[in-house]
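Enquirer: missing the sequence, but the structure's below:
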């Protein structure tokens, strides 16, 4: 209980003994310790817990309604998977939904990345009056959830007759205080002042500095932010649900949610739709998982 | 080297160019050119930062701040969903209506309890998971990506699957409980069990994400803190309590704030968890949250004005949370 956390002065400790003695084993604490079997068991449980609902979505989608209304529930795939996927695809208007969602998430991710990079650069590296106060506003807006603004936005959409038009979903999604904050944190440490000054000495305007210095330096963070924003917009539910309709031009989430709204819903069909809606992002995560994990952790340390 | 900021920048007030006084005509010409360049240069230095940050702020004004304030204005009016541009002034009547409505308080209570049931276990599990992930592991990247798979799953897809898993008669969870001798639980209609089920969707989607955030903070703790603690004879558990947790304080606060804000907005999970596909959050409103109540008032009962009053009530709650948070974090900073 009387642990002191400060490092003892060097002469108070005997010179470190050679490695593989008991002291050095005890000292290799925290992140250096190898995981024991218990840790692996817990990790296995979490892995099953994380993946089981996803796998079971596919299992349920491969069965039919009668089988899902029996005990015990199915544990393995049935024969209907591709039939159900096909029906879900047509019933839920999923082809158009995928196209719409790709357009919405793509435009919004690209725009957010671009605007966040230039704003983050200004906050990280340029000096201007009001910088501190404006940055405080950016951080403050991260605390205000966009849901609280939906009613006037809905009025705007109604007035402009934008129901079922993709810009109604895209425009409000472009506000990303997180993006500005994320890029600022990255550029603070990834972009040395000397490079900017060197470009300035060569007579580069601010815009040229952004184009030739900032963008190349920020590329890794821009990629991560783009993926995070793509995922977020792809999965966005409430606002698209309000302004897009299932039979108009839905996003994937709106289409999938609509599958469950019949009177006697076909559960395996709903699961097929849910599976189709989730699959693209799971593929993205399987391919870029390492980068996405790195990006989330990088954004977290500074937060 | 023209930039689009030239046109946007207002004329520079006199004396911006520090050009030397000209001696003869050629020098004067050169000096003028230099002065012009230098003026443009100064304009660029001075105004381009604002040009760089302005798109964000313009978008925020248009789609964030203005709607937020306008919500307050709309909350003082009667506005029907069918004619959202016709507004009739009613003063504070929307507020008295919702404060008199037992379902508002019911939704507020449910939001609080679902918030607690979903946030507390989620963050505790995330902490434990991060601690394990911080060991030297075989395949550590694999585990991190797997923990993030639920985060990649949308609310819609996750909720629809959990409805089936939590089915009373044929659900996987009741089947498993039956194996250990527990009778079938009515996850839809029982108040507490339904809230646990809705919370479990949130827990499932966010535990891995929060674990990664804790893990990042743990990895930033200097190793020599652990070494000196170990030299003082601290066990691994004591190291966790006396080194890890204090160092994680700001991160814990951050995740608590983010989760609290998220919990106050819960909408899609209870909407899609409802077997009757209504917006009431169960037949007895047993898991209706404030977000769902807002939707029900605005889009089912078609009273956008009343829905605005609910939104503003939620906003005020968040402000209170924000103030409490800043007081706590100031205390923490002062104490450390």
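Expert: Sure thing, it's come through. Everything numeric here is computed off the predicted structure, so don't read it as measured data. Numbers count the residues shown, from 1 in each chain, chains lettered A, B, ... in the order given.
Enquirer: Buried by neighbour count: which residues of stretch B:150-170 qualify?
Expert: The neighbour-count check on stretch B:150-170 (16 or more other C-beta atoms under 10 Å in any protein chain shown) flags B:150-168, B:170 as buried. Bear in mind the C-beta positions are built from the backbone N, C-alpha and C, glycine included.
Enquirer: Near chain A, list only the ones from those residues.
Expert: By C-beta under 8 Å from any C-beta of the partner chain, the members of the buried residues of stretch B:150-170 lying near chain A are B:150-158, B:160-165, B:170.
Enquirer: taking those residues one by one, which sit in strands?
Expert: The strands, defined by DSSP state E, take in nothing from these.
Enquirer: Quick check: the farthest pair among those residues?
Expert: B:151 and B:170 (28.2 Å; C-beta to C-beta).
Enquirer: State the helix or strand in which residue B:88 lies.
Expert: Take DSSP states H and E as the rule and residue B:88 turns out to sit in strand B:83-89.
Enquirer: go on, residue A:109?
Expert: Counting by DSSP H and E, residue A:109 is part of helix A:94-125.
Enquirer: orientation of whichever helix or strand comes after that helix relative to helix A:94-125 in degrees?
Expert: Per DSSP H and E, helix A:94-125 leads on to helix A:131-141 as the next helix or strand towards the C-terminus. Relative orientation of helix A:131-141 versus helix A:94-125 (axes from the mean of the first three to the mean of the last three C-alpha atoms, to 10 degrees): 150 degrees.
Enquirer: So the next helix or strand after helix A:131-141, near chain B or not?
Expert: Going down the chain from helix A:131-141, the next helix or strand is helix A:150-160, by DSSP H and E. Yes. Contact of helix A:150-160 with chain B (C-beta under 8 Å from any C-beta) involves A:150-156, A:158-159.
Enquirer: Which of those are buried? Put it as a ChimeraX command.
Expert: Buried subset of the residues of helix A:150-160 next to chain B, written as a ChimeraX selection, criterion 16+ other C-beta under 10 Å:
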select /A:150,151,152,153,154,155,156,158
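Enquirer: got the contact list for the helix or strand just after the strand holding residue B:88?
Expert: Next in sequence after strand B:83-89, counting helices and strands by DSSP H and E, comes helix B:93-100. Identification of contacts with helix B:93-100 by C-beta atoms under 8 Å, 6 or more residues apart in numbering or on different chains yields B:75-78, B:104, B:297, B:303, B:305-306, B:308-310, B:313.
Enquirer: Tell me if residue B:111 really is in a helix.
Expert: Yes. Assessed by DSSP: H, G, I helix; E, B strand; the rest coil, residue B:111 belongs to a helix.
Enquirer: Quick one: neighbours of it, just the number.
Expert: Here the number of neighbours of residue B:111 (other C-beta atoms under 10 Å in any protein chain shown) works out to 24.
Enquirer: Repeat that for the one 10 residues further on.
Expert: Using other C-beta under 10 Å, residue B:121 is surrounded by 15 other residues.
Enquirer: How about the helix or strand encompassing it and chain A, touching?
Expert: Of the helices and strands defined by DSSP H and E, residue B:121 is found in helix B:102-133. Yes. Contact of helix B:102-133 with chain A (C-beta under 8 Å from any C-beta) involves B:128-129, B:132-133.
Enquirer: out of the residues you listed, who's nearest residue A:172?
Expert: residue B:129 (33.9 Å).
Enquirer: okay but the closest one is in contact with residue B:144, surely?
Expert: No. Counting by C-beta atoms under 8 Å, residue B:129 does not reach residue B:144; the two are 10.0 Å apart.
Enquirer: Please enumerate the shared neighbours of these two.
Expert: Joint contacts of residue B:129 and residue B:144 (C-beta under 8 Å, 6+ apart) are residue B:208.
Enquirer: Break the chain into its domains for me.
Expert: Using chain A. Under the assignment automatic domain parsing, the domains of chain A span A:35-80, A:86-302.
Enquirer: my bad, chain B
Expert: Listed domain ranges for chain B are B:5-74, B:103-335 (source: automatic domain parsing).
Enquirer: which one is the spatially most central residue of chain A nearest to, not counting chain neighbours?
Expert: Among the residues of chain A, the one closest to the centroid is residue A:228, at 3.2 Å (C-alpha atoms, centre = their mean). Spatial nearest neighbour of residue A:228, chain neighbours left out: residue A:295 (6.4 Å); criterion: C-beta to C-beta, 6 or more residues apart in numbering or on different chains.
Enquirer: distance of that neighbour from residue A:139?
Expert: For residue A:295, the distance to residue A:139 equals 19 Å [C-beta to C-beta, to the nearest Å].
Enquirer: which residues does residue B:81 contact?
Expert: Under the criterion of C-beta under 8 Å, 6+ apart, the contact list for residue B:81 reads B:298-299, B:302-304.
Enquirer: Check the spatially closest residue to residue B:206 that is not a sequence neighbour and give its pLDDT.
Expert: The shortest distance from residue B:206 to any non-neighbouring residue, by C-beta to C-beta, 6+ apart, is to residue B:122 (5.7 Å). Note on residue B:122: pLDDT of 95.
Enquirer: longest helix in the chain, by residue count?
Expert: Going with chain A. helix A:267-302 (DSSP state H).
Enquirer: actually it's chain B I care about, not the one you picked
Expert: Secondary structure assigned by DSSP H gives helix B:25-60 as the longest helix of chain B.
Enquirer: buried ones in it?
Expert: Quick answer for helix B:25-60 (16+ other C-beta under 10 Å): B:31, B:35, B:40-41, B:43-44, B:46-57, B:59-60.
Enquirer: Identify the residues contacting residue A:64.
Expert: Contacts for residue A:64 (C-beta under 8 Å, 6+ apart) come out as A:78, A:80, A:84, A:268.
Enquirer: Most neighbours out of these, which is it?
Expert: residue A:268 (27 neighbours).
Enquirer: can I assume that residue is in contact with residue A:66?
Expert: No. If you go by C-beta under 8 Å, residue A:268 and residue A:66 don't touch, sitting 9.6 Å apart.
Enquirer: Toward the C-terminus, what is the element adjacent to the lowest-mean-pLDDT helix or strand in chain A?
Expert: Using mean pLDDT, DSSP states H and E, the weakest-scoring helix or strand in chain A turns out to be helix A:22-27, at a mean of 42. Using DSSP H and E, the next helix or strand after helix A:22-27 towards the C-terminus is helix A:37-61.
Enquirer: Quick one: low-confidence residue ranges for the chain.
Expert: No chain was given, so I picked chain A. Along chain A, segments meeting pLDDT under 70 span A:1-33, A:260-264, A:299-303.
Enquirer: Wait, chain B was what I had in mind.
Expert: Within chain B, the ranges that satisfy pLDDT under 70 run B:1-23, B:336.
Enquirer: now the farthest one out in it, which residue is it?
Expert: The C-alpha centroid of chain B is most remote from residue B:24, which lies 65.2 Å away (C-alpha atoms, centre = their mean).
Enquirer: May I see the buried residues of stretch B:292-311?
Expert: Along stretch B:292-311, these residues count as buried under the neighbour rule (16+ other C-beta under 10 Å): B:292-299, B:303-311.
Enquirer: ok, and of these, which contact chain A?
Expert: Restricting these to contacts with chain A (C-beta under 8 Å from any C-beta) yields B:295, B:298-299, B:304, B:307-308, B:311.
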